[in-house]
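Engineer: Build me a structure from this.
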Amino acid sequence: MVLCDVRMPKMTGAAFYYRAAARHRAVLDRFAFISGDTLNPDLQRFVDEHRVPLLEKPFSAVQLDALLARLTEDRPAGAGRDSRRRS
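Structural biologist: You can find the predicted model right below:
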């Protein structure tokens, strides 16, 4: 599972996502972004296009728990990204 902030010091979350996709494609079914910049249209376009869950900061323990449960639920490989909705 990968919980990735959208903004990081040396790389964007999107760049990290693409790197992960190139090296460990299976992890994409258990990948989610965390961001306080959810009004950013580029971010919204990216998460919508790639169907990556997005947890908005600040978030509660209940919201984080729900996201973790969704990312770790059993499902066939490759099935998760197509069926997920944003948090």
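
Engineer: contacts and neighbour counts: CA atoms only from here.
Structural biologist: Will do.

Engineer: Let me see the backbone angles for the residue most central in space within the chain.
Structural biologist: With distances taken as C-alpha atoms, centre = their mean, the residue of the chain nearest its centroid is Ala32 (1.8 Å). Dihedral pair for Ala32: phi -150, psi 150, per degrees, to the nearest 10.

Engineer: That one and Gly13 touch, don't they?
Structural biologist: No - applying C-alpha atoms under 8 Å as the test, Ala32 and Gly13 come out as separate, 9.8 Å apart.

Engineer: hey, what's the residue nearest to the centre of the chain bridged with?
Structural biologist: For Ala32, the beta-bridge partners under DSSP bridges are Leu3.

Engineer: returning to what we had before: okay, and the common contacts of Ala32 and Gly13?
Structural biologist: Cys4 (C-alpha atoms under 8 Å, 6 or more residues apart in numbering).

Engineer: Number of residues surrounding Ala20?
Structural biologist: Using other C-alpha atoms under 10 Å, Ala20 is surrounded by 16 other residues.

Engineer: which stretches of this structure have low pLDDT?
Structural biologist: Confidence mapping of the chain against pLDDT under 70 gives the ranges 74-87.

Engineer: where do the helices sit along it?
Structural biologist: Using DSSP state H, the helices found in the chain span residues 13-23, 41-50, 61-72, 80-83.

Engineer: any chance of those in CSV, with distance to Cys4 too?
Structural biologist: Output for the helices of the chain, formatted as CSV (distance: least, C-alpha to C-alpha, whole Å):
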stretch, distance to Cys4
helix 13-23, 6
helix 41-50, 12
helix 61-72, 13
helix 80-83, 16
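
Engineer: Tell me which of those helices sits nearest to Met1.
Structural biologist: Nearest to Met1 among the helices of the chain is helix 61-72; the distance by C-alpha to C-alpha comes to 7.0 Å.

Engineer: Show me what His56 bridges to in the sheet.
Structural biologist: No His there; residue 56 is Glu. Here Glu56, judged by DSSP bridges, has bridge partners Ser35.

Engineer: Isn't it up against Ala32?
Structural biologist: No - contact status for Glu56 versus Ala32: not in contact, 10.9 Å apart, counting by C-alpha under 8 Å.
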